[in-house]
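[1] Predicted model follows, preceded by the sequence.
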Amino acid sequence: MKYKILFFFFFISFAVAAKQIVVCQSCTVKTIKEAIKMAKDGDEILIKKGVYKEQDIVIDKPISLIGEKGAVIDGNNVGGILIFQTNNFKIKGLKIINVGLSYTIEYAAIKVIKANNFVIEDCIMENVFFGILIEKSKKGIIRNNKISSNRKNEASSGNGIHIWSGEEMKIYNNVMFGLRDGIYFEFVKNSIAHHNLSYNNIRYGLHFMFSNNNEYHHNEFRNNGAGVAVMFSKFTTMHHNKFRLNWGSASYGLLLKEIYDAEIHDNLFEQNTIGINAEGSTRINYKNNTFLRNGWAVKIAGACYSNIFTHNDFMNNSLDLAYNSNINDNKFDNNYWSEYTGYDLDKDGIGDVPYRPVKLFSYIVNKTPEALILLRSLFVDIINFSEKVSPVFTPDDLMDNNPLMKRIND
Amino acid sequence: MLKILKYSFYDLMRSRWSYVYFLFYLILGFVLLFLNNDVDKAVITLMNIIIVLTPLIGTIFGVMYYYNSREFTELLLAQPINRSKIFMGQYLGISISLTLSLVLGLGIPFVLYGLFKSAAIFNFSLLLLVGAFLNFIFVALSYNIALSTENKIKGFGYAILMWLFLAVIYDGIFLISLVVFNSYPLDKFSLAATMFNPIDLSRILILLKLDISALLGYTGAVFRKFFGTNFGMLISMGVLVLWVVLPVLRMNLKLRKKDF
């Protein structure tokens, strides 16, 4: 308690001591760089309306950078713009545009290096290479930002929010579009991303690499190369997200590669070419997800063990499940399958006949992709039926023993 | 020719089977929309039915009509009328009446359920167009078979076999060849193979507009590039027209030499 009070007074004195430096075209301080030079720890720099053509602004003191409405920093497509190398800073309400493109240096609108306790909020970044690039930092909050670009290919575009080696980040209410990856977590721990919207990105809406113990929820990913890619990560929780319209050749709603112990629940996968593509994914619980009108709802490519699918809705997908081997170590139970044709005599809401989600046709398509052209042909229906009666090619034990008769999330 | 067309048309319109066929589609349309209440999804289900059933009905009607009206045809042949006019009149009479049953039977429920307000109107019209093509194609094919076989039972047998071949067996052979020649580039082959079967061609035409366009993209750019564009659409339509024209031409050739 004593410490808390001390802490409180410390902050009060801190706030009183802080002064404000105003930057505007007609003030004594005309550039942001000047203002930063003048500023002392804890000061606030208020940037008034106007366009400031500055690059490589290095901020090495714990200060706040506040933009008035209409304050724009224009990088003239030359290089990076703001570089923070300090703890306890805050940036708010600025519009930052035109970050330079480089194939060797990662230029960013806001670059943060080795910082603790910072806030980046209400900023608009347009025509960026990288939007926010954070290196080796902890305890950052990134909220209510809008980051966009209009680059055409992967090589010449950067990521919206890129965190390389970070801990305890909170990223929420941001909008990202036209970038390479909307959000990229690389070696990030214990972080959360929620209520973000990521769309029209060239590669992924959200990308995890070597990042453990993270969570993302209530985000929406649409029209990206792939909605979310989670690779080489452990203990990731994904819930209440929407993966929509990731439609095109080699497009996925959710791409899982080498991940362990994840929880995937209450998500919506709608109209993706492949809803979930899982490869080398082990001990993952899929629960309460809805797969609506995807090409493939779930595609399991190999080395996927001990995954459990329960209480999911599989609605009107062209193919519910694709498997490329006939060995199965995953469990399907209590799901709703719109193609289930069984009956429920005892009226307990559970079908009396098990459902086999892997059809012979989806097995064939896996081996010979060209065969897809025969989808919905009468012949295919006939062979699917005969395979259903006596499975030969598809995994014998892969079935839902208790298929539900009614949709779960109607 | 118009007179004969009119006669066959009215004859068929009066017959019970046209009504049964019409009612079947009418009920089907209503039931589908009642159960789904979503025009988009109903179009997909409908496609499965049209692709299989329209050719079958066309085939059976064609053969049946030819054999049943044989005596009347012989009577007509005794008159000073051009042979090809008689048969073309009959052929068009059957095709048009079948198409009418299809279009009206499915059109009425869909229009009542607000098709014009839905975005599916293009898909639906494509579906009906393809259905109409299938009618014309399969009536022509079955007329060819009937003209070439005197024996009724044999004629029926061949006609059904033809349907079975195009609807089921062809796809089987297609699939097997795809699997066997897996290690070769198969894009062009499968593209060509679909052209040689009107049922496959119409199925893919509709599917590309509905649900698998992106799935095909996964398979190979060739399909998407070909069928996805207006050019591909035009070519496919052209091939469907050829599928009508060629059997009709053969019918006329056969007629000239045939001894009744």
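    Thanks, I have the structure now.
[2] Name the SS class of the residue lying closest to B:Ser148 once chain neighbours are set aside, please.
    Nearest non-adjacent residue to B:Ser148, counting by C-beta to C-beta, 6 or more residues apart in numbering or on different chains: B:Lys254, 6.6 Å away. Every C-beta, even on glycine, is put in place using the N, C-alpha and C of the backbone. What DSSP: H, G, I helix; E, B strand; the rest coil gives for B:Lys254 is helix.
[3] How about A:Thr341?
    Classification of A:Thr341 by three-state DSSP places it in coil.
[4] what's the neighbour count on it?
    10 (other C-beta atoms under 10 Å in any protein chain shown).
[5] Could you report the separation of it from B:Leu46?
    Remark: distance between A:Thr341 and B:Leu46 (C-beta to C-beta, to the nearest Å) = 19 Å.
[6] show me where the stretch 301-410 of chain A has helices.
    A:360-367, A:378-389 (DSSP state H, counting those that start in this stretch).
[7] Buried residues, the last one. List them.
    Read that as helix A:378-389. In terms of neighbour count (16 or more other C-beta atoms under 10 Å in any protein chain shown), helix A:378-389 has its buried residues at A:Leu378, A:Phe379, A:Val380, A:Ile383, A:Asn384, A:Glu387.
[8] now swap in stretch B:246-260 and tell me
    For stretch B:246-260, the neighbour count (16+ other C-beta under 10 Å) marks B:Pro247, B:Val248, B:Arg250, B:Met251, B:Leu255 as buried.
[9] Same question for stretch A:214-232.
    Residues A:214, A:216-217, A:219-231 are the ones in stretch A:214-232 that count as buried (16+ other C-beta under 10 Å).
[10] Give me the helix or strand of chain B that scores worst on average pLDDT.
    None of the helices or strands of chain B scores lower by mean pLDDT, DSSP states H and E than helix B:213-219, at a mean of 55.
[11] Now do the contacts for residue 167.
    Let's take chain A. Contacts for A:Glu167 (C-beta atoms under 8 Å, 6 or more residues apart in numbering or on different chains) come out as A:Ser137, A:Lys138, A:Lys139, A:Val188, A:Lys189, A:Asn190, A:Ser191.
[12] Chain B is the one I meant
    Neighbours of B:Ala167 in contact, by C-beta under 8 Å, 6+ apart: A:Leu378, A:Phe379, B:Ile51, B:Val52, B:Pro55, B:Leu56, B:Ile199.
[13] what's the answer for B:Trp243, then?
    Counting by C-beta under 8 Å, 6+ apart, B:Trp243 has contacts B:Phe133, B:Ile137, B:Pro198, B:Leu201.
[14] so it, which of the three states?
    When classified by three-state DSSP, B:Trp243 comes out as helix.
[15] Look at residue 24 and say how many residues are nearby.
    If you meant another chain, say so; for now it's chain A. 16.
[16] Please refer instead to chain B.
    Applying other C-beta under 10 Å, I find that B:Phe24 has 16 neighbouring residues.
[17] Let me know the secondary structure of it.
    helix.
[18] Could you pull up the contacting residues of the residue nearest to B:Ser148?
    With contacts defined as C-beta under 8 Å, 6+ apart, B:Lys254 is in contact with B:Asn144, B:Leu147, B:Ser148.
[19] mind listing the helices for the chain?
    Because you didn't say which chain, this covers chain A. Using DSSP state H, the helices of chain A run over residues A:2-17, A:32-38, A:360-367, A:378-389.
[20] looking at chain B here, not the other one
    All helices of chain B, identified by DSSP H, fall at B:2-14, B:16-36, B:39-68, B:70-77, B:83-112, B:121-148, B:152-164, B:170-180, B:187-195, B:198-210, B:213-219, B:221-228, B:230-257.
[21] which neighbours does the strand of greatest length in chain A have in its sheet, and in what orientation?
    Secondary structure of chain A per DSSP state E: the longest strand is strand A:130-143. Taking DSSP bridges as the criterion, strand A:130-143 sits next to strand A:108-113 (parallel), strand A:116-121 (parallel), strand A:161-167 (parallel), strand A:170-172 (parallel) in its sheet.
[22] before we move on, the earlier item: Serialize the helices of chain B to a markdown table and add fields for distance to A:Tyr52.
    Below are those laid out as a markdown table (distance: least, C-beta to C-beta, whole Å):
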| stretch | distance to A:Tyr52 |
| --- | --- |
| helix B:2-14 | 80 |
| helix B:16-36 | 58 |
| helix B:39-68 | 51 |
| helix B:70-77 | 91 |
| helix B:83-112 | 60 |
| helix B:121-148 | 51 |
| helix B:152-164 | 76 |
| helix B:170-180 | 62 |
| helix B:187-195 | 55 |
| helix B:198-210 | 52 |
| helix B:213-219 | 45 |
| helix B:221-228 | 47 |
| helix B:230-257 | 50 |
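[23] and the residue nearest the centre of chain A, bridged to which residues?
    Of all residues in chain A, the one closest to the mean position by C-alpha atoms, centre = their mean is A:Leu206, 2.5 Å from it. Taking DSSP bridges as the rule, A:Leu206 bridges to A:Ile183, A:Val228.
[24] list the contacts for it?
    Contact partners of A:Leu206, counting by C-beta under 8 Å, 6+ apart, are A:181-185, A:193, A:196, A:198, A:216, A:219, A:221, A:227-229.
[25] what's the answer for A:Tyr252, then?
    Taking C-beta under 8 Å, 6+ apart as the contact definition, A:Tyr252 lies against A:Ala226, A:Gly227, A:Ala229, A:Asn246, A:Asn272, A:Thr273, A:Ile274, A:Gly275, A:Ile276, A:Asn277.
[26] mind checking pLDDT for the fifth one?
    A:Asn272 carries a pLDDT value of 87.
[27] pretty sure it is in contact with A:Arg244, am I right?
    Yes - if you go by C-beta atoms under 8 Å, A:Asn272 and A:Arg244 touch, sitting 7.3 Å apart.
[28] Just give the nearest non-adjacent residue to B:Trp17, would you?
    Leaving aside its chain neighbours, B:Trp17 sits nearest to B:Phe61 (7.2 Å; criterion: C-beta to C-beta, 6+ apart).
[29] near chain B, from the contacts of A:Tyr252?
    Restricting the contacts of A:Tyr252 to those near chain B by C-beta under 8 Å from any C-beta of the partner chain leaves A:Thr273.
[30] which residues of chain A score low on pLDDT?
    For chain A, the stretches with pLDDT under 70 are A:1-18, A:249, A:326, A:410.
[31] and it, which of its residues are near chain B?
    Close to chain B, as judged by C-beta under 8 Å from any C-beta, chain A has residues A:247-251, A:273, A:293, A:295-296, A:316, A:318, A:364, A:367-380, A:382.
[32] Might you report the residue contacts of residue 143?
    All of this refers to chain A. Residues near A:Arg143 by C-beta under 8 Å, 6+ apart: A:Val119, A:Ile120, A:Glu121, A:Asp122, A:Lys170, A:Ile171, A:Tyr172, A:Asn173, A:Asn174.
[33] Hmm, no, I was thinking of chain B.
    By C-beta under 8 Å, 6+ apart, B:Tyr143 lies in contact with B:Gly62, B:Val63, B:Tyr66, B:Phe87, B:Gln90, B:Tyr91, B:Pro247, B:Met251.
[34] Residue 91: neighbour count?
    If you meant another chain, say so; for now it's chain A. A:Ile91: 25 surrounding residues under other C-beta under 10 Å.
[35] nope, chain B please
    With neighbours defined by other C-beta under 10 Å, the count for B:Tyr91 comes to 25.
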